[in-house]
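1. need a structure here:
(2 chains)
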Amino acid sequence: EADIYQTPRYLVIGTGKKITLECSQTMGHDKMYWYQQDPGMELHLIHYSYGVNSTEKGDLSSESTVSRIRTEHFPLTLESARPSHTSQYLCASSEYPLGYEQYFGPGTRLTVT
Amino acid sequence: GQQVMQIPQYQHVQEGEDFTTYCNSSTTLSNIQWYKQRPGGHPVFLIQLVKSGEVKKQKRLTFQFGEAKKNSSLHITATQTTDVGTYFCARAGGTSYGKLTFGQGTILTVHP
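-> Have a look, this model is predicted:
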């Protein structure tokens, strides 16, 4: 079982609040990713990082931001939450180029009221 | 774009029936990965296919990569209720730092 953690698992928050979703992995992987997934739908890449101090936007435009100050930590921040941000956010990591296989965390289910 | 199209979107089967999901690309794939996501869970890696015409088996699951490396399939023999979930294929970008592009997924329900 992969060692990748996300907190909180569930979050209900009001519009306009600032939130940070935490993601940590203990595998020493260089590559980390954030996906957004609505129920029963496909995964959309919103951010990725290929190492400390390097981050890139993914294929789906997102108002969130990320940082990568430490290898093991890849938090995602929403400065002002809106109902349209309601979704599941999945964090993943991989050890490219040894393999593209991605290990996913349990996800954070965010509801913005 | 470098999308992968996955069909069907939904599949309902009786326990014991077989199930197949297909993944298609308009461009040649360097490799294809398959993931399973249980209801309420997170995607879990199943397998990666790299070679043209490759066939791999995991118990009742058979994975195939097309000769032209533009399509792939996952076949489950004699489904069980534990097989329920969404099955995703994903293509890797060759130089995109391990980025994956996921298909839309096939939601499998198994009726006992």
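2. need the three-state assignment for the residue of chain B found nearest chain A.
-> Residue nearest to chain A within chain B: B:Gly98 (3.3 Å; Cβ to the nearest Cβ). The C-beta positions use only the backbone N, C-alpha and C, and glycine is treated the same way. Following DSSP: H, G, I helix; E, B strand; the rest coil, B:Gly98 is assigned to coil.
3. next one: A:Met32
-> strand.
4. in stretch A:77-96, what counts as buried?
-> A:78, A:81, A:85, A:87-96 (16 or more other Cβ atoms under 10 Å in any protein chain shown).
5. for it, what is the distance to the chain centroid?
-> 4 Å (Cα atoms, centre = their mean, to the nearest Å).
6. mind saving the C-alpha coords of it as PDB?
-> Only the C-alpha atoms of stretch A:77-96 are listed here, as PDB (Å, rounded to 0.1, in the frame of the first residue of the first chain):
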ATOM      1  CA  THR A  77      -4.700  26.400  -1.600                       C
ATOM      2  CA  LEU A  78      -7.900  28.100  -2.600                       C
ATOM      3  CA  GLU A  79      -7.800  31.800  -1.600                       C
ATOM      4  CA  SER A  80     -11.600  32.300  -1.800                       C
ATOM      5  CA  ALA A  81     -13.700  29.200  -2.000                       C
ATOM      6  CA  ARG A  82     -16.900  29.200  -4.200                       C
ATOM      7  CA  PRO A  83     -19.600  26.600  -4.700                       C
ATOM      8  CA  SER A  84     -18.200  25.800  -8.100                       C
ATOM      9  CA  HIS A  85     -15.100  24.400  -6.300                       C
ATOM     10  CA  THR A  86     -17.200  21.700  -4.700                       C
ATOM     11  CA  SER A  87     -15.600  18.400  -5.900                       C
ATOM     12  CA  GLN A  88     -13.200  15.700  -4.800                       C
ATOM     13  CA  TYR A  89      -9.500  16.500  -4.900                       C
ATOM     14  CA  LEU A  90      -7.000  13.700  -5.300                       C
ATOM     15  CA  CYS A  91      -3.300  13.900  -4.800                       C
ATOM     16  CA  ALA A  92      -0.900  11.500  -6.400                       C
ATOM     17  CA  SER A  93       2.800  10.800  -6.700                       C
ATOM     18  CA  SER A  94       5.100   8.900  -9.000                       C
ATOM     19  CA  GLU A  95       8.700   8.000  -9.400                       C
ATOM     20  CA  TYR A  96       9.200   8.800 -13.100                       C
END
